[in-house]
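**Q** Structure, please.
(one chain, ligands or ions: 1)
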Amino acid sequence: MKIGIVCYPTYGGSGVVATELGIQLAKKGHEIHFITYSQPVRLDILEPNIFYHEVNVHDYPLFEYQPYELALSSKMVDTVLTEGIELLHVHYAIPHAYAAYMAKKILLEKGKYLPVVTTLHGTDITLVGKNPSYKPAATFSINKSDVVTSVSESLKKDTLSSFVIKNDIKVIPNFIDTDLYQMNDGCNRAQMAPNNERIVIHISNMRKLKRIPDVISVFHRIQQEEESVLLMLGDGPERERAEQQARELGIANKVKFLGKTSEVRRLLCMSDLFLLTSENESFGLVALEAMAAKVPVISSNAGGIPEVNIHGVTGYTAAPGEVEEMAVLALSLLQDDEKLAQFKQQAFEHAKEFSIEKIVPMYEAAYHKALAAIH
Ligand code: GMT
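**A** Modelled structure (predicted):
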């Protein structure tokens with residue numbers, strides 16, 4: 001199949017999933033055309049069957065806001081016609097599903113029917129999409145997609161309760177290549193924990209909905225009873241406040257803010273426990289990444305997280321904001337070598353349920369369904 005993939009090419013989870021999906025589909029022989037405003041970070045355009053088409057948004061002094069959707073629709077039309085693309089798969093509804101609908105209408109005028117598959121990822125529904133400024137357009141474009149998928153049962157439920165959706169929504173969970181997380185050269189724990197402390201880790205874009213102060217509070221409580229360090233990976237608006245909080249609590253020497261790093265897998269490899277305290281999270285791809293690296297997860301039970309982090313098996317969950325409960329659960333693992341080893345293995349085994357081999361064919365089936373709609 002010749003497939004166009006549209007996504008946010010940045011570090012966000014939806015972009016990561018879309019890029020990995022494109023790479024895996026290309027390996028299976030499909031021709032994959034990424035249509036984005038910059039090259040997706042994890043994309044190697046020299047790989048066979050992978051093509052990249054940049055959306056150019058021209059600056060014009062009259063515009064306070066550049067009309068990105070227009071440029072995207074135009075690029076979709078142009079790429080579909082010149083490359084013979086059979087189907088578009090857009091990740092994150094806003095504004096991609098809307099731009100795809102416009103492209104579809106333009107192409108119809110030219111006698112070409114273009115099926116559109118829309119994958120809902122999270123805040124496109126739970127935060128941005130619900131906003132009255134976007135809701136009518138988001139509802140309309142989701143309903144106009146030929147096939148709609150969501151990354152968790154929880155997100156499907158949220159979508160159906162917040163929007164009037166006429167389409168069926170197929171749940172296709174995110175996936176992971178567990179092989180990538182097996183470090184053959186060993187994990188150099190001493191680099192981060194010279195005194196053999198436990199290593200706790202958090203990774204996010206540090207926005208408000210991640211409840212970053214809770215991460216620091218949970219760790220503050222952990223380190224009172226167990227020698228440990230906290231690795232904070234990623235960056236975002238809540239980082240400065242968290243650094244301040246760590247200083248005020250007198251634990252700044254134990255909390256290492258490492259920023260946006262490409263060493264995520266090596267840092268996960270040396271970690272004992274992952275913290276994810278989000279207020280809302282449709283899936284929690286980062287929790288799955290931790291589990292693939294054999295790191296159990298202490299998380300909130302928000303949104304789709306419990307579909308990934310199984311309470312009492314791959315880690316533990318508690319209601320968002322239940323800092324004390326999360327800390328006690330974390331300590332129950334960190335203070336028991338045998339239990340920690342067992343949870344590490346269980347986390348890894350469960351991560352394998354989200355393998356490429358299991359999930360990618362589900363997308364291929366969705367494409368066949370969308371294509372069948374033409375006839
Ligand atoms: O909202 C975000 O944090 C970004 C968003 C994205 O587009 O990267 O993440 C969402 O999609 C990820 C991939 O499907 C999920 O793993 C995240 O849980 C989800 N984020 C939220 O729901 C907050």
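**Q** can we go C-alpha only for contacts and neighbour counts from here?
**A** OK.
**Q** got the contact list for A18?
**A** Counting by CA atoms under 8 Å, 6 or more residues apart in numbering, A18 makes contact with 5-7, 91.
**Q** who in this protein is up against the ligand?
**A** Residues of the chain found near the ligand (CA under 6 Å from any ligand atom) are 12-15, 121-123, 151, 280-285.
**Q** re the thing from before, specify which member of the contacts of A18 is nearest to Y113.
**A** Set against Y113, the nearest of the contacts of A18 by CA to CA is I5 (16.7 Å).
**Q** Okay, buried residues for the helix or strand harbouring the closest one please.
**A** When elements are assigned from DSSP states H and E, I5 belongs to strand 2-6. Neighbour-count burial for strand 2-6 flags 2-6 (criterion: 16 or more other CA atoms under 10 Å).
**Q** And stretch 255-268, by the same measure?
**A** For stretch 255-268, a neighbour-count test (16+ other CA under 10 Å) marks 255-257, 259-260, 265-268 as buried.
**Q** Kindly report the same for stretch 51-63.
**A** Judged by neighbour count using 16+ other CA under 10 Å, the buried positions of stretch 51-63 are 51-53, 55.
**Q** quick one on the thing from earlier: hmm, who's touching the strand holding I5?
**A** Strand 2-6 has contacts (CA under 8 Å, 6+ apart) with 18, 22, 30-36, 80, 84-91, 96.
**Q** Now for D177: which residues touch it?
**A** Taking CA under 8 Å, 6+ apart, we find D177 in contact with 292, 355-356.
**Q** and the gap between it and Q24?
**A** 10 Å (CA to CA, to the nearest Å).
**Q** Give me the common contacts of these two.
**A** Going by CA under 8 Å, 6+ apart, residues that sit against D177 and also against Q24 are I356.
**Q** that older thread, export the residues of the chain next to the ligand to TSV and tack on distance to Q244?
**A** Below are those laid out as TSV (distance: CA to CA, whole Å):
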residue	distance to Q244
G12	25
G13	27
S14	30
G15	31
H121	32
G122	29
T123	28
V151	35
N280	24
E281	25
S282	29
F283	29
G284	26
L285	28
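**Q** Now the buried members of the residues you listed.
**A** Burial by neighbour count, 16+ other CA under 10 Å: within the residues of the chain next to the ligand this picks out 13-15, 121-123, 151, 280-285.
**Q** Would you check which pair of these lies furthest apart?
**A** Most distant of those, by CA to CA, are G15 and N280, 18.6 Å apart.
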